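K.L.:
sequence first, predicted coordinates after that:
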Amino acid sequence: MEDLLIIGGGPAGYAAALRASQLGLKSILVERDRAGGTCLNRGCIPTKALIKSALIYEQMSGLEDFGILTDGYSLDFSAVQKRKDQVTENLVKGIETLLEKRGVVSIKGNASFLDSQRVQVLTEEGAEILEAKNILIATGSKAFDPPIPGMDLPGVIGSDEILNIDHVPKRLFISGASVIGLEFASIFRAYGSEVHVSGRTFLKREDGEIRRRLQNYMRRKGIQFHLGGRLQRIEKRDDGLEVYFQGKKEIESVIVDTVLMSAGRIPNTDGLDLKAAGVNFDDKGIHVNEFMETNVAGIYAAGDVIGGEMLAHVATHEALYIVGRIAGDDSPIDYGAIPACTFTIPELASVGMTEEEIKLEGLSYRSAKFPFVAASKAQCDATTDGFIKVLTSEEGLILGVHILGAGASDLISEATLAISHHMSAEDLYTTIHAHPTLPEALSEAFMATQGLAIHQL
């Protein structure tokens, strides 16, 4: 009997299989589609490939400022899509090779529980019944969109479809001012689409000051926001799709060519027959304890399927923890330092508490900011939009860091390490940072909490 049966080959599932191999555990990985899950095949990776092309295309209009003259340029969207597909394919093949080289048995099929110890897998060859000492459920999440009249009209699509669209929509309406919706808004606005975004809130989990500034930047780029109300209905017109939404005072509408539904994601437990295994779950996901174990001994769950922070890196760490625990290591997961990145133009990244959360808890704190326009490397790179915001206790303990600007997704790692190890602002700014680099701006922001920033008044 195998030590571990893993259902789902996404960031949690394949990481668990690889770690099990490293620790000498025998595992079987069941995945109905391709290795990498939603993140690699239909989410994090393909969108980042698209945003890179969008950034380069957007930057082409300012080449003269760098002393580079061109006779003209244009967008070959089919080539953009081809590159995106190749990036994804390379990474999928890399994971498949790692699994094979490390001796992980991989089965392509749909898994469902027969009882708490047996899982049936339907493959192209037929049904196979598997048993293992431990079972990890890592089936991720799926798109959720509330039922809206007109959702079935041609031209109304989801995130999977827009990733493979063969043209740049002239007019695009995005329902949902979430991470997914805003990333696609940045992508297609850079490619030339007229973009409208609706939603009740705008990145509600982020720090309020950062959210307001990002929205202003996106408006400056021409993205039109219709926030505060729900999408009402979609109707077919001779000149496109008319989208109705709740405005500030009354129902408003715009006519577009394509509507992207991106209201959010929910845990994916489809077809698992969790009731047969006796596993407790609800609409918010599978219930687990502090050890990531369900109410059934030996059955664990990790990643999006348990709800909470639906982030690939969180899923990976939860899976690694589970495998380590099975192998005898009880090192806990630190959920107090989870970085979150939004790949809009410009990028947003954060870790720790927001200013609103600190106020809600009634804590005494210090807040300081350092603008990228004051950073020499940002001036050299012409990436001066944005700023770094640091929140500390009165004693200087780092509580939260929020970054809006180019390179935010890379800069946030230093802040994550600092919060994870309970470091102070002084610990960071007394560490020598290389010049000229963007991390210098992070150092200056920490100095600013003590009124010591060198390059700002």
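P.N.:
Sure thing, it's come through. In this text the structure is predicted, and so the values were computed from the model without any measurement.
K.L.:
please count neighbours and contacts with C-alpha atoms only from this point.
P.N.:
OK.
K.L.:
am I right that R189 is in contact with R220?
P.N.:
No - using Cα atoms under 8 Å, R189 is not in contact with R220; the gap is 11.2 Å.
K.L.:
what pairs with the longest strand along the chain, and is each one parallel or antiparallel?
P.N.:
Criterion DSSP state E: the longest strand present in the chain is strand 126-137. In the sheet, strand 126-137 lines up against strand 2-7 (parallel), strand 118-123 (antiparallel), strand 299-301 (parallel) (DSSP bridges).
K.L.:
minimum distance to V373: which of these has it?
P.N.:
Nearest to V373, of all the strands paired with strand 126-137, is strand 299-301, at 44.7 Å by Cα to Cα.
K.L.:
following element in sequence after that closest one, please.
P.N.:
Next in sequence after strand 299-301, counting helices and strands by DSSP states H and E, comes helix 312-326.
K.L.:
list the contacts of the next helix or strand after that following helix.
P.N.:
Proceeding N to C from helix 312-326, the next assigned helix or strand is strand 340-342, under DSSP H and E. When contacts are defined by Cα atoms under 8 Å, 6 or more residues apart in numbering, strand 340-342 is touched by residues 179, 183, 311, 347-351, 408-409.
K.L.:
strands paired with strand 340-342, and their directions?
P.N.:
Strand 340-342 is paired, per DSSP bridges, with strand 348-352 (antiparallel).
K.L.:
just the CA trace of the partner strand, in CSV.
P.N.:
C-alpha atoms of strand 348-352 as CSV (Å, rounded to 0.1, in the frame of the first residue of the first chain):
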residue,chain,number,x,y,z
LEU,A,348,0.7,45.6,-6.3
ALA,A,349,2.1,43.4,-3.6
SER,A,350,1.4,43.2,0.2
VAL,A,351,2.1,41.3,3.3
GLY,A,352,0.9,41.6,6.9
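K.L.:
from the chain's centroid, how far away is that strand?
P.N.:
12 Å (Cα atoms, centre = their mean, to the nearest Å).
K.L.:
looking at this structure, which residue lies furthest from center?
P.N.:
Going by Cα atoms, centre = their mean, the residue of the chain most distant from its centre is D71, 37.7 Å out.
K.L.:
now it: how far from L55?
P.N.:
20 Å (Cα to Cα, to the nearest Å).
K.L.:
got it, and Q86?
P.N.:
Taking Cα to Cα, one finds Q86 at 18 Å from L55.
K.L.:
got the end-to-end distance for stretch 444-457?
P.N.:
12 Å.
K.L.:
one more: stretch 158-176?
P.N.:
Note: stretch 158-176 ends 11 Å apart using Cα to Cα.
K.L.:
number of nearby residues for D257?
P.N.:
A count of nearby residues for D257, using other Cα atoms under 10 Å, gives 19.
K.L.:
still on that earlier bit, so of the strands paired with strand 126-137, which one's packed in deepest?
P.N.:
strand 299-301 (a mean of 26; mean count of other Cα atoms under 10 Å).
K.L.:
who's in contact with that one?
P.N.:
Counting by Cα under 8 Å, 6+ apart, 116, 134-138, 286, 288, 292-294, 322 sit against strand 299-301.
K.L.:
so A12 is in which element?
P.N.:
Going by DSSP H and E, A12 is part of helix 11-22.
K.L.:
and that helix, how far out from the chain middle?
P.N.:
20 Å.
K.L.:
other SSEs contacting it?
P.N.:
strand 2-7, strand 27-31, helix 77-101, helix 312-326 (3 or more Cα pairs under 8 Å, 6 or more residues apart in numbering; DSSP states H and E).
K.L.:
who are the contact partners of the spatially most central residue of the chain?
P.N.:
Centroid check for the chain by Cα atoms, centre = their mean gives L311 as the closest residue, at 5.4 Å. By Cα under 8 Å, 6+ apart, the contact list for L311 reads 303-304, 340.
K.L.:
with G150 instead?
P.N.:
By Cα under 8 Å, 6+ apart, the neighbours of G150 are 233-235.
K.L.:
same question, G10
P.N.:
35-40, 138-140.
K.L.:
try 10 Å this time
P.N.:
16, 31, 33-41, 138-140, 303, 312, 315-316 (Cα atoms under 10 Å, 6 or more residues apart in numbering).
K.L.:
returning to what we had before: and the strands paired with strand 126-137 as CSV, adding distance to G62 and mean pLDDT?
P.N.:
Shown next, in CSV, are those (distance: least, Cα to Cα, whole Å; pLDDT from 0 to 100):
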stretch, distance to G62, mean pLDDT
strand 2-7, 48, 94
strand 118-123, 53, 95
strand 299-301, 48, 98
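K.L.:
which helix or strand contains the residue nearest to E242 when sequence neighbours are not counted?
P.N.:
Once flanking residues are discounted, E242 sits nearest to I255: 4.3 Å by Cα to Cα, 6 or more residues apart in numbering. Using DSSP H and E, I255 sits within strand 251-256.
K.L.:
pull out the buried residues from that strand.
P.N.:
Buried residues in strand 251-256, counted by 16 or more other Cα atoms under 10 Å: 253, 255-256.
K.L.:
same question for stretch 45-65.
P.N.:
Those would be 45-51, 53-55, 57-58, 60, for stretch 45-65 by 16+ other Cα under 10 Å.
K.L.:
also stretch 430-450?
P.N.:
433, 438-450.
K.L.:
of these, closest to E357?
P.N.:
The closest of the buried residues of stretch 430-450, once distances to E357 are taken by Cα to Cα, is T449, at 18.3 Å.
K.L.:
these two touch, right, that closest one and A368?
P.N.:
Yes - if you go by Cα atoms under 10 Å, T449 and A368 touch, sitting 5.1 Å apart.
K.L.:
and for these two, which residues touch both?
P.N.:
With Cα under 10 Å, 6+ apart, T449 and A368 have common neighbours 389-392.
K.L.:
in TSV, list those residues along with distance to S331.
P.N.:
TSV is the format used below for the shared contacts of T449 and A368 (distance: Cα to Cα, whole Å):
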residue	distance to S331
K389	31
V390	29
L391	28
T392	27
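K.L.:
distance between the ends of stretch 33-50?
P.N.:
22 Å.
K.L.:
and what of stretch 50-69?
P.N.:
Termini of stretch 50-69 sit 25 Å apart (Cα to Cα).
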